[in-house]
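Undergrad: What follows is a protein structure lacking sequence information:
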DNA sequence: GGCTTTCGCTACGAGTCGTAGCGTAATGCC
DNA sequence: GGCATTACGCTACGACTCGTAGCGAAAGCC
């Protein structure tokens, strides 16, 4: 899942293979260091020591701190799934609570925003984040939307381009609100907050 | 506006006063370095050189890179004002466009998210961001809400505690959506997007 | 003129960076 | 089994940044 980034075709690759245990140990050590030190004080030498590998091994697999942290944080989002709770409102509440639970982890809080900040000046890093983190979230919006349309809770868009814009908008609204609540306002996105949010999202302010 | 952070009462302070020009030059140099280098590669020595001051002068006024960047970025939000456009929808669109314009600046993009990430592990820094950046934005939500209630566009809350929660929710939804659109999705929050966003915020998804 | 604080400058030890070199370990191919 | 190939651990290195200390000079208040 990680090595694929570096060797697209692991087909004819002679020689000693890379240790998968080392990959897992490095990513776990990175998350541990993120919790204890935060992004700015995290050093690759320290991560190597924690993981029990040589510093040079780290540099052979990742270009730098940013790429390593992206991969380490991306694994946290593997657990994201869209529950089928019977209604659009319940589905939204379920997935938002999952998302909020991940963002409540200190390794996600300090790591995610830092790499997003770095990505403003690094196109390749932005693409890496998109592929391994953002797209996985956006897929949930697409599925939830399709489900709600099948239930008749949402009108079916005929124009596919307009539909894509709507999905992007909803995604930014949902993810943005949870991130802002958790990281900027520094308040928990608990069940009560999620209920209020879902109500506004579905019915608007003027109700 | 900046020195106040360090000396609450500038009353009886004899000796040579601190140069206000130096403050302005340092903050401007910080923004310039943010544009050219980004947050991670920005060094205080480089900022001092750009500003034409000694490195020691920087350390006398700011505790570190984080505090400096917060002050430098905070000045960008001075221009934020709530225009009276006649309707709640128009007011929201106006202020969101202003906010989006600031976030489109490279010095804001690379600086703001980085210090927010650092603030996850630094309570004092979080408070500094809240006081100099976030509260200035939240005030606009309060004003816009009061105006809309005076116009009869929004129902008047009787419970003040519930009203405060609603304001916090709206603030996270508005600011979060714009930030996510601009920094994570890396797409411009242009007029078309703002119109769609305002429509969903006011009327909900199911319309 | 005296007192106080700031300023610019230089220098310093400590820490991190990313890389190179070397000998060893683990695989695929013949 | 032998050989080529790649990964690994280890050490060492120059370059850079950090934050601080010490100094003499400058700029204000009494």
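TA: Here it is on my side, so go on. On a predicted model such as this, the values are computed, not experimentally measured, just so you know. Residues are numbered from 1 along each chain as shown, chains lettered A, B, ... in the order given.

Undergrad: Name the nearest residue to the residue nearest in space to the middle of chain A, ignoring sequence neighbours.
TA: Most central in chain A under CA atoms, centre = their mean is residue A:133, positioned 3.6 Å from the mean C-alpha point. Nearest residue to residue A:133, sequence neighbours excluded (CB to CB, 6 or more residues apart in numbering or on different chains): residue A:74, at 5.2 Å. Backbone N, C-alpha and C define where each C-beta goes, glycine included.

Undergrad: Check which helix or strand the one you found maps to.
TA: For residue A:74, the host element (DSSP states H and E) is helix A:65-74.

Undergrad: That helix close to DNA strand D?
TA: No: with CB under 7 Å from any atom of the strand as the threshold, helix A:65-74 lies outside contact range of DNA strand D, at a closest distance of 13.9 Å.

Undergrad: if we look at that helix, which residues are touching it?
TA: Taking contacts as CB atoms under 8 Å, 6 or more residues apart in numbering or on different chains, the residues outside helix A:65-74 that touch it are A:2, A:5, A:26-28, A:30-31, A:34, A:39, A:42, A:44, A:47, A:58, A:62, A:107-108, A:111-112, A:114-115, A:118-119, A:122, A:125, A:128-129, A:132-133, A:136.

Undergrad: Nearest to DNA strand D within chain A, name that residue for me.
TA: Closest approach between chain A and DNA strand D, counting by CB to the nearest atom of the strand: residue A:15, at 2.1 Å.

Undergrad: How much space separates that residue from chain B?
TA: The gap separating residue A:15 from chain B is 34 Å, by CB to the nearest CB, to the nearest Å.

Undergrad: and if you look at residue A:191?
TA: Using CB to the nearest CB, one obtains 13 Å as the distance from residue A:191 to chain B.

Undergrad: Tell me the pLDDT of that residue.
TA: Listed pLDDT for residue A:191 reads 97.

Undergrad: which residues sit against stretch A:117-130?
TA: Outside stretch A:117-130, the residues that touch it by CB under 8 Å, 6+ apart are A:5, A:66-67, A:70, A:115-116, B:38-40, B:106, B:109-114, B:116-117, B:183-184, B:186.

Undergrad: In helices, which of those appear?
TA: Restricting the contacts of stretch A:117-130 to those inside helices, with DSSP state H as the criterion, leaves A:66-67, A:70, A:115-116, B:106, B:109-114, B:116-117.

Undergrad: Tell me where the model's unsure across chain A.
TA: A:1-12, A:207 (pLDDT under 70).

Undergrad: I'd say residue A:184 and residue B:178 touch.
TA: No: if you go by CB atoms under 8 Å, residue A:184 and residue B:178 don't touch, sitting 11.9 Å apart.

Undergrad: same for the helix ranked longest in chain A, what does it pack against?
TA: With DSSP H setting the assignment, residue counts place helix A:160-179 as the longest helix in chain A. In this structure, helix A:160-179 packs against helix A:88-103, helix A:135-151, helix A:191-203, helix B:160-179, helix B:191-203, with contacts taken as 3 or more CB pairs under 8 Å, 6 or more residues apart in numbering or on different chains; DSSP states H and E.

Undergrad: Report the residue ranges of every domain in chain A.
TA: By the assignment in automatic domain parsing, chain A contains the domains A:18-61, A:73-203.

Undergrad: can you tell if the last one touches DNA strand C?
TA: The reference is to domain A:73-203. No: counting by CB under 7 Å from any atom of the strand, DNA strand C has no neighbours in domain A:73-203; the shortest distance is 11.9 Å.

Undergrad: quick one: that domain to chain centroid distance?
TA: 9 Å (CA atoms, centre = their mean, to the nearest Å).

Undergrad: And that domain, end to end?
TA: For domain A:73-203, the first-to-last residue distance is 34 Å (CA to CA, to the nearest Å).

Undergrad: what's the answer for the shortest one, then?
TA: Using CA to CA, the end-to-end distance of domain A:18-61 comes out at 9 Å.

Undergrad: distance between that domain and the chain's centre?
TA: 20 Å.
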